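Visitor: structure here, sequence nowhere to be found:
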């Protein structure tokens, strides 16, 4: 995705989506591995496949459907990505974050991101939901490298509140009302696709990470650059390498996300109802 054409590509992708669904969405949702069930909440959904949208990449990972849904949840107009893109699929960081740019062009002001993550914090349990309060970018890639377009955001965006404190409080309040145990911690994003070694996990714990995954960070950087408010959740789908002395597998990730589905759906529903 050449930078000189970035604005044009954003506009062309957004124009195509507007033709299919003219109402401007307010809230964007990006769903991680096995969490596409949230799409079931969208009412009167218009489904657009990624491969039909100009300049959109296509998801290749099991558990990622590759569809854009537009409709309403709790009366709010939403744009939902059922399946995201990862750098480990071979995409550049600017491609992975491109859909967030399109969301902003369409009118989205609040982004809700979810992912399946490994538990680094030894007090966490498989099946826990973690509210992301901050992240560590261990992909060592930044989607803002290159010429800056002032129309999209400032050259040096502030990341001191990458995940909105106000929205996190909303999430905590809803979780308390529903009796849902909610962890809160720091997400560390890596390139993948291999899982981390036990030594790497010990290092990450020393650095202050509570959960580890292979997504989210680039999307959030672009969202903040665009002035969007961000709320993030990790589903702790397995304990990271070395903690339980057992091998890791994508099957375990999918099984766990399936198990937490009911409480996660209810929580997201409650939160979206309270978003402005």
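Guide: That came through fine. Just so you know, these numbers come straight off a predicted model, no measurement behind them. Numbers count the residues shown, from 1 in each chain.

Visitor: contacting residues around the strand or helix carrying residue 47?
Guide: Per DSSP states H and E, residue 47 falls inside strand 43-49. Applying Cβ atoms under 8 Å, 6 or more residues apart in numbering, the contact partners of strand 43-49 are 17, 20-21, 39, 66-73. The way it works is simple: take the backbone N, C-alpha and C, and place the C-beta from them, glycine included.

Visitor: among these, name the ones in helices.
Guide: Among the contacts of strand 43-49, DSSP state H puts 17, 20 in helices.

Visitor: quick check: residue 241 vs residue 248, distance?
Guide: Plainly put, residue 241 is 6 Å away from residue 248 if you go by Cβ to Cβ, to the nearest Å.

Visitor: more crowded one of the two?
Guide: residue 241 (21 against 17; other Cβ atoms under 10 Å).

Visitor: pretty sure the more buried one is touching residue 201, no?
Guide: Yes: using Cβ atoms under 8 Å, residue 241 is in contact with residue 201, at 5.1 Å.

Visitor: overlap of the contact sets of those two?
Guide: Residues touching both residue 241 and residue 201 (Cβ under 8 Å, 6+ apart) are residue 118.

Visitor: rewinding a little: need the residues touching each of residue 241 and residue 248.
Guide: Applying Cβ under 8 Å, 6+ apart, one finds that residue 241 and residue 248 are jointly contacted by 118, 195.

Visitor: state the helix or strand in which the residue nearest to the spatial centre of the chain lies.
Guide: Closest to where the C-alpha atoms of the chain average out (Cα atoms, centre = their mean) is residue 113, at 3.0 Å. For residue 113, the element it lies in under DSSP H and E is strand 110-119.

Visitor: and if you look at residue 157?
Guide: Per DSSP H and E, there is no helix or strand for residue 157.

Visitor: so what's residue 183 up against?
Guide: Applying Cβ under 8 Å, 6+ apart, the residues contacting residue 183 are 121, 124, 128-131, 210, 236.

Visitor: and it, backbone torsions?
Guide: phi -80, psi 160 (degrees, to the nearest 10).

Visitor: centroid-wise, who is the farthest residue in the chain?
Guide: Max distance from the centre of the chain (Cα atoms, centre = their mean): residue 245, 28.6 Å.
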